[in-house]
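J.: Whatever this is, show me its structure:
(2 chains)
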Amino acid sequence: MSETSKQKYQRVAYYPGCALEGSGHGYNRSTREVGKALGLELDEVKNWNCCGAMEVKNVDPKLQTYLSSRVMSIAANEMGAQVVMAPCNGCYHNLKKAEHELAHDAASREVVDRISRKAGHATYQAGQVETIHALDWIKHGIGEEELKRRVRNSLRGLKIANYYGCMYTRPRHIFPEKDQGPGSESISKPHFMDDLLAAAGAENVDFPLKTACCGGAHTLSDSDTSTKLVLNILRAAEAAGADVIATECPTCHSGLEMHQIRAEKVLGQKTSVKMLYFTQLLGIALGLSPRKVGVHENVSESLALLKEKVLA
Amino acid sequence: MPIHEQSLIRPENLKAHAKLVIDGVDVSGHWSTFIESRVVSDYNERLEDEIAALPGGEHIHRCWQCGSCTNSCTVNAINPDFNPRYWIYLIRVGMEAELLRDKDIIWQCVSCHKCTSACPRDVVPEGVMKAAAHWLELKGHTPKSKSMIFDEEFSRQVFATGKIEEGRIIRDFFRRTGQPLLQDWLVEMAKRLVRRLPVKMLAMMGLATLVRPRTRGWAGARGAIAEYVEEQEAKQRRALGLGELVEIAKGELAGAPGSKRV
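T.: Numbers count the residues shown, from 1 in each chain, chains lettered A, B, ... in the order given. As a prediction, this is how the structure comes out:
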């Protein structure tokens, strides 16, 4: 990463999204704290709205495109931002999808323009901002070498399965910057989270279900399917020897937590692997306390494990 | 060539005689099995167009039946009857009756986008699954799925205020689908959270369910979205030939209370 592009990520527009104000609050807290500890600045998108998550597209995909475009329009036109950072896979995916639709589909542009005018804000034009994930933000804004230098509390001895979920890499056509050779993220075998946690001292296990689906879209409406899918992921992580599954999406994270409990209560299938957001793990490695990065806000109880590994 | 593997050999198409002797040879049971021939004449030639008129179904005509979607499918791995490739085939040739055999599972697509990523023809099979599920509901073949009810509750909140509040969505969803909120595993989850979260945080979460989070200045967007939704719904109803029915129903609803249909 060149110095100029590194510079671009030092101060970004921050789009936390709805989940990070509710069930994913630990992710919000840890993202902000890690940013502070690394000297990266976050400028929250003013008066943002929901991106449509995984639901609005099933009512009408073009409305989802509008919702996401409004967030980018505010960042670009009212805040003068060049980069929007979204830690939630759902938000990140939707903004990327909207970017793609607006660049390639005239019908979407027409609908977005019509609603934007009536809503009283500038219509977002494709290319006005670059949307990145929290992983890109730290990977490109700081990098592994710098991160290694800042580690105070190495994650040595902690075995981690890195779980990226669906929305970070699929469908491939909305992520044109991925699979672009050395240094870029891979669609089939993503590694940015692995890279960052390895720099923080952790031992990444060989985890085959990095991009498997947790059934997040139907976590409540088809719980039996979600429980089966989650149980596969938890079992695979345990079989790979992981103590912790590192997550980068609030829907995946709470899906894993919820269905771990449901698998135990409904199917009698107990698993003991813990879930932590990758930002919580990085925060701990940077010397922040578990409380400071919101470990107590997770359902999955991992404090005992962190104490055992002398990390808390 | 399309693969038409599923609908021919079904238990009800298999004929066997428990006791059968032909020319002195005992061919009872398994030996007398034959597959009943079948003639299909009830094609719905509009089926593909109707699915294509619904959001997500636009690119169904591009499919050349390679099967990459089914091969990559998350749900297929746990239920082999969930077969996007096969349903796309049925829709394209108009075999509505065959499609209806699977009507109760089509909504189960989890939108993992593996099919869309794998598809060499940009069919967006995930979108086709949503369009097919939507079609089944609009035509009255299935009641609204729990998934659609969830999507609607969610979207309604977003359209109304610009934001969502998780607790409220979950509560409204459970109420609309008639499920008890106090399920063992949900209670266990809540207990674990309550045990550790500071009182202040819990109070804030409680407050969020009372005072709805909202985006400031959302009224303009709300109006524009409502107008667009209404327009799209009317368009879809027309495409599916439901417009007239709706007009009749509306007329009846508008009639004087107690008025009877002749």
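
J.: Can you name the residues of the stretch 51-200 of chain A sitting close to chain B?
T.: A:52-63, A:66-67, A:70, A:111, A:114-115, A:118-120, A:166-167, A:169-173, A:187 (C-beta under 8 Å from any C-beta of the partner chain). Backbone N, C-alpha and C define where each C-beta goes, glycine included.

J.: Now which of these would you call buried?
T.: Using 16 or more other C-beta atoms under 10 Å in any protein chain shown as the burial test, these include A:52-63, A:66-67, A:70, A:111, A:115, A:118-119, A:166-167, A:169-171, A:187 as buried.

J.: sorry, back to before: the residues of the stretch 51-200 of chain A next to chain B in helices, which ones?
T.: A:56-59, A:61-63, A:66-67, A:70, A:111, A:114-115, A:118-119 (DSSP state H).

J.: Out of the residues you listed, which two sit at the greatest distance?
T.: Between any two of these, the greatest separation by C-beta to C-beta is 23.4 Å, found for A:N58 and A:K118.

J.: B:L182: neighbouring residues, count only.
T.: 9 (other C-beta atoms under 10 Å in any protein chain shown).

J.: ditto for B:G56
T.: So B:G56, with other C-beta under 10 Å, has 23 neighbours.

J.: quick one, strands of chain B?
T.: Listed in chain order, the strands found in chain B under DSSP state E are B:14-15, B:21-22, B:25-26, B:34-35.

J.: what residues does the first one touch?
T.: Contact partners of strand B:14-15, identified using C-beta atoms under 8 Å, 6 or more residues apart in numbering or on different chains, comprise B:32-36.

J.: and that strand, which strands flank it?
T.: strand B:34-35 (antiparallel) (DSSP bridges).

J.: ranges for the helices of chain B?
T.: Going by DSSP H, chain B shows helices at B:47-52, B:68-72, B:74-78, B:84-93, B:96-100, B:114-118, B:125-138, B:146-161, B:166-176, B:184-196, B:199-210, B:219-239, B:243-254.

J.: hey, least reliable of the ones you listed by pLDDT?
T.: Lowest mean pLDDT of the helices of chain B: helix B:199-210, a mean of 60.

J.: in which helix or strand would I find A:N94?
T.: A:N94 is part of helix A:89-104 when elements are defined by DSSP states H and E.

J.: Packing partners of that helix?
T.: Judged by 3 or more C-beta pairs under 8 Å, 6 or more residues apart in numbering or on different chains; DSSP states H and E, helix A:89-104 is in contact with helix A:61-73, strand A:83-86, helix A:106-119, strand A:130-133, helix A:250-267.

J.: and of those, who's closest to B:P55?
T.: helix A:61-73 (5.3 Å).

J.: got the angle between the closest one and helix B:219-239?
T.: 160 degrees (axes from the mean of the first three to the mean of the last three C-alpha atoms, to 10 degrees).

J.: helices and strands around helix A:61-73, which ones?
T.: For helix A:61-73, the packing partners by 3+ C-beta pairs under 8 Å, 6+ apart are helix A:56-59, helix A:89-104, helix A:106-119, helix B:146-161, helix B:219-239.

J.: Just the angle for it relative to helix B:146-161, thanks.
T.: 40 degrees.

J.: State the mean pLDDT of helix A:61-73.
T.: 97.

J.: still on that earlier bit, which of the helices and strands packed on helix A:89-104 sits closest to B:E188?
T.: That would be helix A:250-267 among these, by C-beta to C-beta, at 5.3 Å.

J.: quick one: buried residues of the closest one?
T.: A:250-265.

J.: Can you tell me which of those are also in contact with chain B?
T.: A:257-258, A:261-262, A:264-265.

J.: Same list, the residues you listed, but as a markdown table with distance to A:G143 and pLDDT please.
T.: Listed next are those as a markdown table, based on distance: C-beta to C-beta, whole Å; pLDDT from 0 to 100:
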| residue | distance to A:G143 | pLDDT |
| --- | --- | --- |
| A:E257 | 31 | 95 |
| A:M258 | 35 | 93 |
| A:I261 | 37 | 95 |
| A:R262 | 39 | 95 |
| A:E264 | 40 | 95 |
| A:K265 | 43 | 93 |
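
J.: Let me have the helices and strands packed on helix A:89-104 in TSV, extended by distance to A:S289.
T.: TSV is the format used below for these (distance: least, C-beta to C-beta, whole Å):
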stretch	distance to A:S289
helix A:61-73	32
strand A:83-86	24
helix A:106-119	43
strand A:130-133	25
helix A:250-267	20
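
J.: thinking again about what came up before, relative to A:Q125, which of the helices and strands packed on helix A:61-73 is closest?
T.: helix A:89-104 (7.4 Å).

J.: List the buried residues in that closest one.
T.: A:89-102.

J.: Can you give me the distance of the spatially most distant residue from the centre of chain A to A:G287?
T.: Most distant residue from the mean C-alpha position of chain A: A:K118, 31.9 Å away (C-alpha atoms, centre = their mean). Using C-beta to C-beta, to the nearest Å, A:K118 is found at 50 Å from A:G287.

J.: what residues are up against the nearest residue to A:L38 once chain neighbours are set aside?
T.: Among residues not flanking A:L38 along the chain, A:I142 sits closest, at 5.3 Å (C-beta to C-beta, 6 or more residues apart in numbering or on different chains). Applying C-beta under 8 Å, 6+ apart, one finds that A:I142 lies in contact with A:38, A:40, A:150.

J.: what's the answer for A:M167, then?
T.: A:M167 touches A:89-90, A:92-93, A:249, B:113, counting by C-beta under 8 Å, 6+ apart.

J.: Those residues into a markdown table, with extra columns for distance to A:M193 and pLDDT?
T.: Converted to a markdown table, the contacts of A:M167 look like this (distance: C-beta to C-beta, whole Å; pLDDT from 0 to 100):
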| residue | distance to A:M193 | pLDDT |
| --- | --- | --- |
| A:N89 | 12 | 97 |
| A:G90 | 17 | 97 |
| A:Y92 | 13 | 98 |
| A:H93 | 16 | 98 |
| A:C249 | 11 | 97 |
| B:H113 | 19 | 97 |
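
J.: B:E12 and B:N83: what is the separation?
T.: For B:E12 relative to B:N83 (C-beta to C-beta), the value is 20 Å.

J.: who has more neighbours, these two?
T.: B:N83 (22 against 6).

J.: Surely the more buried one touches B:T70?
T.: Yes: between B:N83 and B:T70 a contact is recorded at 5.2 Å, counting by C-beta atoms under 8 Å.

J.: Now for the two: what residues contact both?
T.: B:N76.

J.: re the thing from before, which residue sits closest to the residue farthest from the centre of chain A, ignoring its sequence neighbours?
T.: In space, A:K118 is closest to B:A224, 3.6 Å off (C-beta to C-beta, 6+ apart).

J.: what's around the one you found, how many residues?
T.: Neighbour tally, B:A224, other C-beta under 10 Å: 19.
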